[in-house]
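Visitor: model this:
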Amino acid sequence: MTEDFIDTAGIEGYHAHVYYDAATRGVAERLRHALGERFPVRLGRWHDEPVGPHPVSMYQAAFDADVLADLLPWLMLNRGELNILVHPLTGDDYSDHARFALWLGASLPLRLEALRRGRAPE
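Guide: Numbering: from 1, shown residues only. Coordinates of the predicted model:
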């Protein structure tokens, strides 16, 4: 039996969404500063309220595919008590967040209905 696999060559980059609350904002600030110093990332704005599919406060770090191998282990070891969603950028926002997501820490219930608009039901 032959299975169809998704070609990873279509991955344009990655996002890491760093979630925080009032008690962990200081940890998130230290991590953000270190990310910007150590890796070629594009740091997004602070979102102190839920935005899009993200159910709690967060900021995003965007990076190219060739950075993943160095950045991911660093996040694993240095995230502290923060929960982080890492996902590829394939051009399908819904699948990127729902099917292809990698969680460091606890997985949070994303509000995927915003990403589902315009998609056929699965």
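Visitor: so which strand or helix has Cys61?
Guide: Just to correct that, residue 61 is Ala rather than Cys. strand 58-63 (DSSP states H and E).
Visitor: okay, the angle between the next helix or strand after that strand and strand 58-63?
Guide: The helix or strand immediately downstream of strand 58-63 is helix 68-78, counting by DSSP H and E. Per axes from the mean of the first three to the mean of the last three C-alpha atoms, to 10 degrees, the angle that helix 68-78 makes with strand 58-63 is 150 degrees.
Visitor: List the contacts of helix 68-78.
Guide: With C-beta atoms under 8 Å, 6 or more residues apart in numbering as the test, helix 68-78 has contacts from 14, 16, 31, 34-35, 38-39, 41, 63, 84, 86, 102, 104. The way it works is simple: take the backbone N, C-alpha and C, and place the C-beta from them, glycine included.
Visitor: now the chain, which segments are flagged as low pLDDT?
Guide: 1-2, 117-122 (pLDDT under 70).
Visitor: mind listing the strands in it by residue range?
Guide: 14-19, 42-43, 58-63, 83-88, 102-104 (DSSP state E).
Visitor: Pick the most buried one from those strands.
Guide: Highest mean neighbour count of the strands of the chain: strand 14-19, a mean of 22 (counted as mean count of other C-beta atoms under 10 Å).
Visitor: what's that strand packed up against?
Guide: Judged by 3 or more C-beta pairs under 8 Å, 6 or more residues apart in numbering; DSSP states H and E, strand 14-19 is in contact with helix 25-38, strand 58-63, helix 68-78, strand 83-88.
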